[in-house]
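Student: using only what follows, build the 3D model:
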Amino acid sequence: MRHGIHTLLTACVLFISTGALAQEITFDAKVDRNDFAVGENIRLTLSLTNGQGDITTPDLGGLVVVQGPFESSSFNYINGRMSSSVSRSFTLTATRPGDFTIGPAKARVGGGTISTDPITVHVEKGSAAPSDRSLQNVQSSNPDLFVSVTLSRQHVHVGEQIIATYTLYSRYPNLEVSNYDLPELNGFWAEEIDIGQTSWEDQLRAVNGLNYRVAVLKKQLLFPQHPGELTIGAVKLTCTVNRSFFNRGSRVEARSQPVTVDVTALPSDKPADFCGAVGQLVMDISVDRKEVKANEAIELTIRVNGRSNLKLIDAPKLTFPPDVESYDPKVEDHINVTGGGMSGSRAFKYLIIPRHEGDITLGPYSISYYDTEKDRYQVLNSEPIAIHVGPGSGNASARSSRPSKETVEMLDHDIRYLRTGDPGLREKDRFLYGSWAYISGMAAPVVALLLFMGWRRQREARAQDVTGQRRRRADRVARKRLKEAEQALTSNDREQFYAAMTKALQGYLADRFGLGVAEITPEVIATRLADRADDGELARSISDLIATCEMARYAPIEGRPRKELYAEAVRSIRQIENA
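Tutor: Okay, the predicted model is just below:
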């Protein structure tokens, strides 16, 4: 009896297995719809039926994964027929309209490979407001991580201000920035905009249907200096993503696209009193007093206020009455650089001295600027200022007194007084004239004059040698800034520490090599230190150190301990000085 039951069970198992093996193995791919709009989602499902194997994700042809993959499996036994299924699904979207082809997926089953058919989907333009075209272009290169450079305007006049914003977009939950290169700004004069400590925004930002964490890395105020098509280069970013205690993470690179600015030259009919300002301005002219005495000073102030390239405005050339002495103006700035641009005031203070009494008139004076809103030159005029000059405080005449003459009376002729003390006798035929003392005394003023003239000429040459002065004081200035970094390190002031470190390194290299701060790039550093015998190790170390400090200033990430960065900066500057 037992043997019969065992035989029956074996037959059932063989029957079931034979039925399962008889089922056809299939592998297919499908989407829930073939037509959708930008920003909408579709579902791609890969299904392997009656088989066990590894499924390879297909080429998505430019579509972006919003969610997934999600895997599921099922097992059915109906009317003696057994079937199994394994599915893998993705939620996809498109960042731009067009036709996209999802390539064939592959599954290895047994000793062979089976594939699905390609799927073509059509994406139409979405009904929602389109994203910025520059974001679309850079997003298509890497939908998970990219950097954008956005400008407040791309068609400007020479000298008109532009706000450039460098923004990081990330879909990674864990991100560490290891290297960060800002673009070169050829043809622009730049001002840094203080945005405080860099951090992620509180809200996610959607770009073509994908949500991103967003951080503004940097903002700059740019002033184009010549007409034509100027290009702002690409921002380069190297990051490590998804790093954890058990995972070293992956290295990912992001790069923005270059941005061009169309710069129009100012009209050629510039007024003679054009001061170089482009924007919107008002002018105010005043004096500290209108009644003075001769040879007393008056302060004439010309103040321009508004939103313009105020730091590039030149002092107006004023004319004064012939009996009024004037001096070069003193410049006084109250200028703000914010996310809204450059605004405030610049004052030119002239010291003038009337030399004779009477009534004089100052002005009227005028300043011209280019108004970008009205698209023409505007002239700012002042009213004339009347000054009354009274007589000076000195006496008009002076009396001179002389002693009265008296007749000299001779009293005695017969007796001379005896001479006492040292008679001061000297050797016969020995005189001061021709002696060494005489020659030295005569030559000393000439020698002193020659030495003074040589010293003065050397001093003037050193004063004119701006590059030499910067080179000589480079180490002293760097030590001062490193002292500020050490104080910030002691007080745990993160922002001040990295700001002082960046200024110390970039300022030292700029002074030592006679360059501008904007010219300090890894290539320039490598060229300047190429004659060292360390195969460029010091140049690479300094470049990495500057990049690390700049990245820590503008991103909420610190790649290395601050004490280590400070020690390396001191050591690198000492090595260059010793060379």
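
Student: drop to CA atoms for contacts and neighbour counts, all remaining ones
Tutor: Noted.

Student: what sits against Pro391?
Tutor: Pro391 makes contacts with Lys293, Ala294, His356, Glu357, as judged by Cα atoms under 8 Å, 6 or more residues apart in numbering.

Student: mind running it again at 10 Å?
Tutor: If you count contacts by Cα atoms under 10 Å, 6 or more residues apart in numbering, Pro391 has them with Val292, Lys293, Ala294, Asn295, Arg355, His356, Glu357, Gly358.

Student: also Ile360?
Tutor: Residues in contact with Ile360 (Cα under 10 Å, 6+ apart) are Lys290, Phe320, Pro321, Asp323, Val324, Pro354, Ile385, Ala386, Ile387, His388, Val389.

Student: could I get those as a markdown table with pLDDT?
Tutor: Formatted as a markdown table, the contacts of Ile360 follow (pLDDT from 0 to 100):
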| residue | pLDDT |
| --- | --- |
| Lys290 | 92 |
| Phe320 | 91 |
| Pro321 | 90 |
| Asp323 | 87 |
| Val324 | 91 |
| Pro354 | 92 |
| Ile385 | 92 |
| Ala386 | 93 |
| Ile387 | 92 |
| His388 | 93 |
| Val389 | 92 |
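
Student: which ChimeraX command selects the buried ones in the residues you listed?
Tutor: Burial among the contacts of Ile360 is assessed by 16 or more other Cα atoms under 10 Å; the matching ChimeraX selection reads:
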select :324,354,387,388,389
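
Student: just the buried residues of the contacts of Pro391.
Tutor: The neighbour-count test (16+ other Cα under 10 Å) marks Val292, Lys293, Ala294, Asn295, Arg355, His356, Glu357 as buried among the contacts of Pro391.

Student: which non-adjacent residue is nearest the second one?
Tutor: In this structure, Lys293 finds its nearest non-sequential neighbour in Gly390, 4.4 Å apart by Cα to Cα, 6 or more residues apart in numbering.

Student: closest to Ala539 among the contacts of Pro391?
Tutor: Asn295 (60.0 Å; Cα to Cα).

Student: ok, now which ones touch the closest residue to that closest one other than its chain neighbours?
Tutor: Nearest in space to Asn295, with sequence neighbours left out and distances taken as Cα to Cα, 6+ apart, is Arg355 at 5.0 Å. Shown in contact with Arg355 (Cα under 10 Å, 6+ apart): Lys293, Ala294, Asn295, Glu296, Ala297, Pro322, Asp323, Val324, Glu325, Val389, Pro391, Gly392.

Student: from Glu357, how far out is the last one?
Tutor: Yep, that's Gly392 we're talking about. Using Cα to Cα, to the nearest Å, Gly392 is found at 8 Å from Glu357.

Student: find residues that contact each of those two.
Tutor: Shared contacts of Gly392 and Glu357 (Cα under 10 Å, 6+ apart): Val292, Lys293, Ala294, Asn295.

Student: I'd like the contacts of Arg355 as a markdown table, with secondary structure and distance to Thr95 appended.
Tutor: Converted to a markdown table, the contacts of Arg355 look like this (DSSP: H, G, I helix; E, B strand; the rest coil; distance: Cα to Cα, whole Å):
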| residue | secondary structure | distance to Thr95 |
| --- | --- | --- |
| Lys293 | strand | 77 |
| Ala294 | coil | 77 |
| Asn295 | coil | 75 |
| Glu296 | coil | 73 |
| Ala297 | coil | 69 |
| Pro322 | coil | 72 |
| Asp323 | coil | 74 |
| Val324 | strand | 71 |
| Glu325 | strand | 69 |
| Val389 | strand | 76 |
| Pro391 | coil | 82 |
| Gly392 | coil | 81 |
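
Student: redo those as JSON lines? Include distance to Ser152.
Tutor: Shown next, in JSON lines, are those (distance: Cα to Cα, whole Å):
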{"residue": "Lys293", "distance to Ser152": "54"}
{"residue": "Ala294", "distance to Ser152": "54"}
{"residue": "Asn295", "distance to Ser152": "52"}
{"residue": "Glu296", "distance to Ser152": "50"}
{"residue": "Ala297", "distance to Ser152": "46"}
{"residue": "Pro322", "distance to Ser152": "49"}
{"residue": "Asp323", "distance to Ser152": "51"}
{"residue": "Val324", "distance to Ser152": "47"}
{"residue": "Glu325", "distance to Ser152": "46"}
{"residue": "Val389", "distance to Ser152": "52"}
{"residue": "Pro391", "distance to Ser152": "58"}
{"residue": "Gly392", "distance to Ser152": "58"}
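
Student: quick one, phi psi at the residue nearest to Asn295?
Tutor: Dihedral pair for Arg355: phi -100, psi -20, per degrees, to the nearest 10.

Student: repeat that for the one 5 residues further on.
Tutor: As for Ile360, its main-chain torsions (degrees, to the nearest 10) stand at phi -130, psi 160.

Student: for it, give its distance to Phe320.
Tutor: Distance, Ile360 to Phe320, by Cα to Cα: 9 Å.

Student: any common contacting residues for the two?
Tutor: Common neighbours of Ile360 and Phe320, using Cα under 10 Å, 6+ apart, are Pro354.

Student: give the next helix or strand downstream of the longest helix along the chain.
Tutor: Assignment by DSSP state H gives helix 436-464 as the longest helix of the chain. Where DSSP states H and E defines the elements, the next helix or strand beyond helix 436-464 is helix 466-490.

Student: pLDDT on that following helix, on average?
Tutor: The predicted model gives helix 466-490 an average pLDDT of 76.

Student: could you do stretch 140-152 as well?
Tutor: Mean per-residue pLDDT for stretch 140-152: 86.

Student: could you check how many residues crowd around Pro58?
Tutor: By other Cα atoms under 10 Å, 16 other residues sit near Pro58.

Student: name the nearest residue to it, ignoring sequence neighbours.
Tutor: Leaving out its chain neighbours, the residue that sits closest to Pro58 by Cα to Cα, 6+ apart is Ala105, at 4.4 Å.

Student: show me which positions of stretch 259-268 end up buried.
Tutor: Val259, Val261, Asp262, Val263, Thr264, Leu266.

Student: then stretch 294-304?
Tutor: For stretch 294-304, the neighbour count (16+ other Cα under 10 Å) marks Ala294, Asn295, Ala297, Ile298, Glu299, Leu300, Thr301, Ile302, Arg303, Val304 as buried.

Student: thought Leu135 was touching Thr150?
Tutor: Yes. Using Cα atoms under 10 Å, Leu135 makes contact with Thr150 at a distance of 8.9 Å.
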